[in-house]
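J.: Sharing a model that was predicted from the sequence below.
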Amino acid sequence: MKRALITSLSVVLITFINIAFMGGIYEAAAKDRVARDFGLMDKDGDDKISVEEWNRRGNFNRLDLDADGYLNLAEVRALYRAAWKENKSSAIKPLAGEILTEIDGRVPEGMLSKEVRCAIGRFRRCDPKSSVERGLFPTGLGPVFPRNASCRGIDDYYAMPYGFKRKRDSYHGGIDMPAPWGTAMIAIANGTVVAIFKGDKSPRGIEIVLRHSPEDTGIPLWIYSAYAHLDRLPDMVVGQKVAMGQVLGPTGNSGISPKTGKQNKGRRPAIHFSTLYSTSKQYSESQNIIIPLKGYWLDPNAFYRGKVPLDTAAMKALPNIEKAVPIPVMFEDGSTNPPNTKLVWPYTCRQE
């Protein structure tokens, strides 16, 4: 009896130590990440971030608690606050939708041109310039959330140069938003699941990809949205119809480190959210990447303009005043702002 009790207590103690240890790793990693990002943003080295240095990541005024027109390190940390302290959720269960046995528009990989395959797939043997030529370069766009909404902002922005941690030219193919463990990622519009990837050999980790028709979004193009770093595989199948705001799965930090080839346990939990567009509904898959046959990179912020043009060159050429993009959102109770929107941010917002 005593031996059994001692054994049980030992298991509890070891479990507690492991949880505390992993929590310490994530907390330290998150703090290191904030300090690193702060240093990268602080171009003039004055230990504060101006609006220009913030580079339209969103929520500047909400983070600027002392209203001095700058962000200090403590204020920037609020973007990540509690991200490593939340419990991983197992209660998220998406609603079931119609399931298509065959998705119209899926074609064999051999139909992909070398140009598009390299530009979207960004494989090792591909020249990074091919991605730039199809829209992977900064636009200067940034999100502006409704005044009554508290929403998750961006840390790594669209086409952010990754030269500081890569051996060659590399650009961020989407936007990252830190969020607590288990935070529900939601569908940005009505659409169809075209891929679910385990991601055990990918930096993106567990990922789900949706395709949105022109009828789904009101935009006369086919849009693809990808949600990466999920904590577990979505409770969905390829071909499943989803509704705007439907839960896709819980936020995590899944994905390998490009340096070690192993799960990156130090990454902060976040969504890596990316979008592509095409004039055609045809798409294929290459090395666990969905590639539209006529695909182009799309700044996710441009998507929320809800109209064409939205190509990267046109977005970069916009006057500065138009680069602050009003974001339609869904609140935690399922209501939206504006009420009749077809598009929402990939996380729900808190209504204030």
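T.: Sure thing, it's come through.
J.: domains for the chain, by residue range?
T.: Domains of the chain are assigned by automatic domain parsing as 2-77, 109-351.
J.: and these, which one is worst for confidence?
T.: Least confidently modelled of the domains of the chain is domain 2-77, at a mean of 72 by mean pLDDT.
J.: before we move on, the earlier item: winner for burial among the domains of the chain?
T.: The highest mean neighbour count among these, using mean count of other CB atoms under 10 Å, belongs to domain 109-351: a mean of 19. From N, CA and C alone the C-beta is placed, and that goes for glycine too.
J.: returning to what we had before: make CSV out of the domains of the chain and add distance to residue 98.
T.: Formatted as CSV, these follow (distance: least, CB to CB, whole Å):
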stretch, distance to residue 98
domain 2-77, 34
domain 109-351, 4
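J.: Quick check: which of those is nearest to residue 100?
T.: domain 109-351 (4.0 Å; CB to CB).
J.: Quick check: end-to-end length of that closest one?
T.: End-to-end distance for domain 109-351: 44 Å, by CA to CA, to the nearest Å.
J.: Distance from stretch 307-319 to the middle of the chain?
T.: The chain centre lies 21 Å from the centre of stretch 307-319; the measure is CA atoms, centre = their mean, to the nearest Å.
J.: Next: stretch 153-161.
T.: 10 Å.
J.: Which of the domains of the chain sits closest to residue 99?
T.: domain 109-351 (5.0 Å).
J.: Quick one: distance of the closest one to the chain centre.
T.: Using CA atoms, centre = their mean, the offset of domain 109-351 from its chain centre is 6 Å.
J.: Helices of the stretch 201-350 of the chain, start to end?
T.: Counting by DSSP state H, counting those that start in this stretch, the stretch 201-350 of the chain has helices at residues 214-217, 300-303, 312-316.
J.: Could you pull up the residues touching residue 50?
T.: Contacts for residue 50 (CB atoms under 8 Å, 6 or more residues apart in numbering) come out as 69-70.
J.: and if we set it to 7 Å?
T.: When contacts are counted by CB atoms under 7 Å, 6 or more residues apart in numbering, residue 50 touches residue 70.
J.: That one and residue 281, how far apart?
T.: Distance of residue 50 to residue 281, computed by CB to CB, to the nearest Å: 43 Å.
J.: do the same with residue 141
T.: Residue 141 sits 26 Å away from residue 281, taking CB to CB as the criterion.
J.: and what of residue 246?
T.: From residue 246 to residue 281 the distance is 21 Å (CB to CB).
J.: now residue 202
T.: Taking CB to CB, one finds residue 202 at 25 Å from residue 281.
J.: now residue 319
T.: 33 Å.
J.: helix/strand/coil for residue 75?
T.: helix (DSSP: H, G, I helix; E, B strand; the rest coil).
J.: how about it, what does it touch?
T.: Neighbours of residue 75 in contact, by CB under 7 Å, 6+ apart: 63-65.
J.: next one: residue 133
T.: residue 119.
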